[in-house]
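Asker: fold the following.
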Amino acid sequence: METWKESQLKQLTYAKGIEAAYPILLRFAENLGFNYCAIAVTSPDRHVHLDALQINNYPTEWNNWYNKENYRNIDPVIAHCNQSTLPIVWEQRVFAEAPELWHARKQNGLQHGWSQAFHDEASGLCSIISLGRTHCPLSPLEMYEHYGYIFFANRHFSDLYARTVPIPVRPSKPRLSTRELEILKLSAVGKTAHDISQILNLSERTINYHVQNVIDKLKVCNKISAVIAAARAGFI
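Answerer: Numbering: from 1, shown residues only. Next up is the predicted model:
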């Protein structure tokens, strides 16, 4: 790692508050060759009501227009980052369903850049760092070289923000065994306990035992409710 990168990342680590950390991140971004730097931290969970953190040095006209028109709700970059930690490059094809947003980006010198998210499982927070510039697209090599640094910075800002706001405790997902998942998936396509016993070469009593375990773990009242709860939780 180059000396200046190591030095600035250490400074970022020692920063105890967001107000102190952002100028360090901005300086780091500028040294990487970017004019603009944004950090946003919020919860993608609609049931968690938090004041989203948003700090950037974007043009004032852009920020005013973006907030006035509530474009965050249709921004494909935000939608991607809420679901994935893979970096996304700002390209015209990404904004195919929001062409006015792409046109406004170009007008404000924000068509060259990328965004990357970090999802904190413990707090449920999603932090997004975006880097932009007025000249030349990003190269794949450039993305590869910067990915780790931005991931580190994202995580630090998520931790800093989590210390400043009350985060509701998220219930942990129950652990389901491989056999329980097999039975749930077969139940989801309409197979009865008898059908599943034939498919898995187990007794019907064993199948019902596993089904009852799943019902207890998911805190539901019957097999149908268990299948629905498992699907909502992403198990099947």
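Asker: give the contact list for the residue in the chain sticking out farthest from the centre.
Answerer: Distance from the centre of the chain peaks at Ser203, with 42.4 Å (Cα atoms, centre = their mean). By Cβ atoms under 8 Å, 6 or more residues apart in numbering, the residues touching Ser203 are Ser197. The C-beta positions use only the backbone N, C-alpha and C, and glycine is treated the same way.
Asker: repeat that for the one 10 residues further on.
Answerer: For Asn213, the contact set (Cβ under 8 Å, 6+ apart) comprises Glu180.
Asker: coming back round to it: do you know how far the residue farthest from the centre of the chain is from His194?
Answerer: 10 Å (Cβ to Cβ, to the nearest Å).
Asker: one more: Trp65?
Answerer: To His194, Trp65 is 62 Å away according to Cβ to Cβ.
Asker: looking at those two, which is more packed in?
Answerer: Trp65 (14 against 10; other Cβ atoms under 10 Å).
Asker: chain neighbours aside, what residue packs nearest to the more buried one?
Answerer: Ala104 (6.6 Å; Cβ to Cβ, 6 or more residues apart in numbering).
Asker: touching, the one you found and Glu61? I think so.
Answerer: No - in this structure, Ala104 is not within contact of Glu61 by Cβ atoms under 8 Å, at 9.4 Å.
Asker: neighbour-wise, which of those two wins?
Answerer: When neighbours are counted by other Cβ under 10 Å, Ala104 comes out ahead of the other of Ala104 and Glu61, with 19 against 11.
Asker: can you give me the helices in this structure?
Answerer: 3-14, 18-32, 60-68, 76-83, 99-107, 140-162, 178-188, 193-200, 204-218, 223-232 (DSSP state H).
Asker: I'd like the ones you listed laid out as TSV, including distance to Ala122 and mean pLDDT.
Answerer: Output for the helices of the chain, formatted as TSV (distance: least, Cβ to Cβ, whole Å; pLDDT from 0 to 100):
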stretch	distance to Ala122	mean pLDDT
helix 3-14	19	88
helix 18-32	19	95
helix 60-68	30	93
helix 76-83	17	92
helix 99-107	32	93
helix 140-162	8	91
helix 178-188	24	93
helix 193-200	36	94
helix 204-218	21	93
helix 223-232	21	88
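Asker: reformat those as TSV; add distance to Ser130.
Answerer: Converted to TSV, the helices of the chain look like this (distance: least, Cβ to Cβ, whole Å):
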stretch	distance to Ser130
helix 3-14	17
helix 18-32	9
helix 60-68	12
helix 76-83	7
helix 99-107	11
helix 140-162	9
helix 178-188	37
helix 193-200	48
helix 204-218	38
helix 223-232	31
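Asker: can you tell which of those is closest to Ile39?
Answerer: Ile39 lies closest, by Cβ to Cβ, to one member of these: helix 140-162, at 5.4 Å.
Asker: distance between that closest one and the chain's centre?
Answerer: Centre-to-centre, helix 140-162 and its host chain are 13 Å apart (Cα atoms, centre = their mean, to the nearest Å).
Asker: which helices and strands does that helix pack with?
Answerer: Packing partners of helix 140-162 (3 or more Cβ pairs under 8 Å, 6 or more residues apart in numbering; DSSP states H and E): helix 3-14, helix 18-32, strand 36-42, strand 112-119, strand 126-133.
Asker: quick one: closest of these to Ile228.
Answerer: Short answer: strand 112-119, nearest of the helices and strands packed on helix 140-162 by Cβ to Cβ, at 24.7 Å.
Asker: contacts made by that closest one with the rest, please.
Answerer: Outside strand 112-119, the residues within contact range by Cβ under 8 Å, 6+ apart are 34, 36, 77, 80-82, 84-90, 125-138, 143, 147, 150-151, 154-155, 158.
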